[in-house]
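> using only what follows, build the 3D model:
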Amino acid sequence: MVLPQGSAKTKDDAEKALEETTRLDGEVSAMMEQLEDAEQELSRKKAEAAADMMMAGMVSTKSSSSSHEWIGIYIILKCITLTV
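Modelled structure (predicted):
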């Protein structure tokens with residue numbers, strides 16, 4: 001079957017459009033995978049940062065507590081030396 005010239009051009013245009021659409025669909029799919037990977041990495045990094053912040057808070061609290069203990073010991077020793 002021989003297609004008229006206009007029909008052949010339309011068919012060729014449709015095939016090119018389908019190829020372009022398929023290519024673009026593949027690119028979008030690849031980008032979506034990259035986005036999902038990035039979101040997962042961001043979630044991991046957020047969890048790590050939260051854990052780091054919690055540890056830093058605990059260290060800070062312990063450090064502050066230790067400083068208060070040393071100040072208390074210093075005051076006791078100062079009082080002892082003043083009374084002797």
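
> elements contacting the helix or strand harbouring residue 80?
In this assignment (DSSP states H and E), residue 80 forms part of helix 5-83. In terms of contacts (3 or more Cβ pairs under 8 Å, 6 or more residues apart in numbering; DSSP states H and E), helix 5-83 is not packed against any helix or strand. All C-beta spots, glycine's among them, are computed from the backbone N, C-alpha and C.

> how close does residue 8 sit to residue 21?
Residue 8 sits 20 Å away from residue 21, going by Cβ to Cβ, to the nearest Å.

> mean confidence score for the helix holding residue 80?
For helix 5-83, the mean pLDDT works out to 86.

> chain center to that helix: distance?
Centre-to-centre, helix 5-83 and its host chain are 2 Å apart (Cα atoms, centre = their mean, to the nearest Å).

> just give me the neighbour total for residue 61.
10 (other Cβ atoms under 10 Å).

> mind checking how far it is from residue 55?
Residue 61 is 11 Å from residue 55, where distance means Cβ to Cβ.

> now do residue 32
To residue 55, residue 32 is 35 Å away according to Cβ to Cβ.

> now do residue 5
75 Å.

> kindly report the same for residue 44.
Counting by Cβ to Cβ, the gap from residue 44 to residue 55 is 16 Å.

> and residue 19, by the same measure?
According to Cβ to Cβ, residue 19 stands 54 Å off from residue 55.

> got it, and residue 20?
52 Å.

> can you check residue 49 too?
11 Å.

> count of neighbours near residue 35?
A count of neighbours around residue 35, defined by other Cβ under 10 Å, yields 10.

> and residue 78, how close does it get to residue 69?
Taking Cβ to Cβ, one finds residue 78 at 15 Å from residue 69.

> cool, residue 32 as well?
The gap separating residue 32 from residue 69 is 55 Å, by Cβ to Cβ.

> same thing with residue 45?
Distance from residue 45 to residue 69, by Cβ to Cβ: 36 Å.

> again, but for residue 31
Applying Cβ to Cβ, the value for residue 31 to residue 69 is 56 Å.
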